[in-house]
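# Sequence isn't available, so here's the structure alone:
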């Protein structure tokens, strides 16, 4: 499973979301803050245009067809997606 990064224009700029599963539209917000000491904020690997952290504890289900979203064209690696899923599983266990 690979994760996509989507952007939605809001008043303050772009709201970025990490799309965990394209079929069910499960999303996590992305923050520009990088704090490795906070285990719920998983830093996006280096080498991507988008920098920051995925907030694993703030999961949402969105209908992307009802909102004005566009892809950033970046697909995060499977290992990163698996880490986000594992972290979320710990939260809900």
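Here it is on my side, so go on. None of these values were measured; they are calculated from a predicted model.

# Now do the SS call for residue 73.
Secondary structure assignment for residue 73 (DSSP: H, G, I helix; E, B strand; the rest coil): strand.

# Next one: it from residue 48, what distance?
Distance check for residue 73 against residue 48: by C-beta to C-beta, to the nearest Å, it reads 10 Å. Using the backbone N, CA and C atoms, a C-beta is placed for each residue, glycine as well.

# Looking at those two now, which is surrounded by more residues?
Using other C-beta atoms under 10 Å as the criterion, residue 73 and residue 48 rank with residue 48 on top: 15 against 8.

# now the strands for the chain?
Under the criterion DSSP state E, the chain contains strands at 3-10, 13-21, 26-31, 41-43, 53-55, 60-61, 69-76.

# Show me what the fourth one pairs with in its sheet, parallel or antiparallel.
Yep, that's strand 41-43 we're talking about. The pairing partners recorded for strand 41-43 under DSSP bridges are strand 53-55 (antiparallel).

# Not counting its own residues, what contacts the strand it pairs with?
18, 28-31, 33-35, 40-44, 84 (C-beta atoms under 8 Å, 6 or more residues apart in numbering).

# What subset of those is buried?
Neighbour-count burial (16 or more other C-beta atoms under 10 Å) is assigned, among the contacts of strand 53-55, to 18, 28-30, 40-44, 84.

# now these as JSON lines including pLDDT and distance to residue 60?
Output for the buried ones among the contacts of strand 53-55, formatted as JSON lines (pLDDT from 0 to 100; distance: C-beta to C-beta, whole Å):
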{"residue": "18", "pLDDT": "62", "distance to residue 60": "11"}
{"residue": "28", "pLDDT": "82", "distance to residue 60": "8"}
{"residue": "29", "pLDDT": "83", "distance to residue 60": "8"}
{"residue": "30", "pLDDT": "85", "distance to residue 60": "12"}
{"residue": "40", "pLDDT": "89", "distance to residue 60": "15"}
{"residue": "41", "pLDDT": "92", "distance to residue 60": "16"}
{"residue": "42", "pLDDT": "91", "distance to residue 60": "16"}
{"residue": "43", "pLDDT": "93", "distance to residue 60": "20"}
{"residue": "44", "pLDDT": "90", "distance to residue 60": "18"}
{"residue": "84", "pLDDT": "85", "distance to residue 60": "13"}
